[in-house]
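Q: Here is the input, now give the coordinates:
(2 chains)
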Amino acid sequence: QKEVEQDPGPLSVPEGAIVSLNCTYSNSAFQYFMWYRQYSRKGPELLMYTYSSGNKEDGRFTAQVDKSSKYISLFIRDSQPSDSATYLCASGRDYGQNFVFGPGTRLSVLP
Amino acid sequence: GAVVSQHPSWVICKSGTSVKIECRSLDFQATTMFWYRQFPKQSLMLMATSNEGSKATYEQGVEKDKFLINHASLTLSTLTVTSAHPEDSSFYICSARGLAGRETQYFGPGTRLLVL
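A: Numbering: from 1, shown residues only, chains lettered A, B, ... in the order given. Below you'll find the predicted structure:
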């Protein structure tokens, strides 16, 4: 079992839809959870970062972590064509250690 | 803040030559830098982790003599692909993780390497 799993998609939604992206992880010691967005031929950019459980909101983006079920979610409200990208979740245990990345979900928001 | 740069952004070289890629943290000190490679439509594959002033830790299956990593300062790490071959053609991405208070990783824009 991979430490972080993610449906690779592709996921296509119409503009304005609410997008739900999800990951599961297996290591109960993970405490750091991140979502990155990667456009084609670009490096990943950090979208959201949470420590431990709970929700975090930033504009149209909401990240949720449920440590009891080892489930990580990213919600995108009022999705735009510019949101079309690959979304990577990542989790980690200790400061200074590498995070484990999911394979990424390719999202297409259709105008 | 938290900007990481890479140079060059793309490079084409002949088989057998060596290529050096630089990764710099521009506005923070990076105690740890990571090097990834990514093939088209695939996820990131961690190659190695480097801590400033010490030898890099390579992931299983990554040849340390082929992919030389130097992390000489808190703002600079280099990856040298020695005797590059066409199968080394890939997208190389670095990320940097800073001192206390910056727990997450920030990625560079990537370097596209094409070996002819």
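
Q: so what's residue A:60 closest to, chain neighbours aside?
A: Nearest in space to residue A:60, with sequence neighbours left out and distances taken as CB to CB, 6 or more residues apart in numbering or on different chains, is residue A:77 at 4.6 Å. Every C-beta, even on glycine, is put in place using the N, C-alpha and C of the backbone.

Q: Who are the contact partners of that neighbour?
A: A:18, A:60, A:61, A:62 (CB atoms under 8 Å, 6 or more residues apart in numbering or on different chains).

Q: how does it look with 10 Å?
A: A:16, A:17, A:18, A:19, A:57, A:59, A:60, A:61, A:62 (CB atoms under 10 Å, 6 or more residues apart in numbering or on different chains).

Q: before we move on, what about residue A:62?
A: A:18, A:20, A:48, A:55, A:56, A:73, A:74, A:75, A:76, A:77.

Q: Helix or strand next in line after the helix or strand bottoming out on mean pLDDT in chain B, which one?
A: Counting by mean pLDDT, DSSP states H and E, chain B has its least confident helix or strand at strand B:105-107, which shows a mean of 87. Using DSSP states H and E, the helix or strand that follows strand B:105-107 in sequence is strand B:111-115.

Q: from the contacts of residue A:62, which ones fall inside strands?
A: A:20, A:48, A:55, A:56, A:73, A:74, A:75, A:76 (DSSP state E).

Q: Strands of the chain, residue ranges please.
A: No chain in the question, so chain A it is. Using DSSP E, strands in chain A cover A:4-6, A:11-14, A:19-25, A:32-38, A:45-51, A:54-58, A:61-66, A:71-76, A:85-92, A:100-101, A:105-110.

Q: Let me rephrase: I mean chain B.
A: B:4-7, B:10-13, B:19-25, B:30-38, B:45-51, B:57-58, B:67-73, B:76-81, B:90-98, B:105-107, B:111-115.
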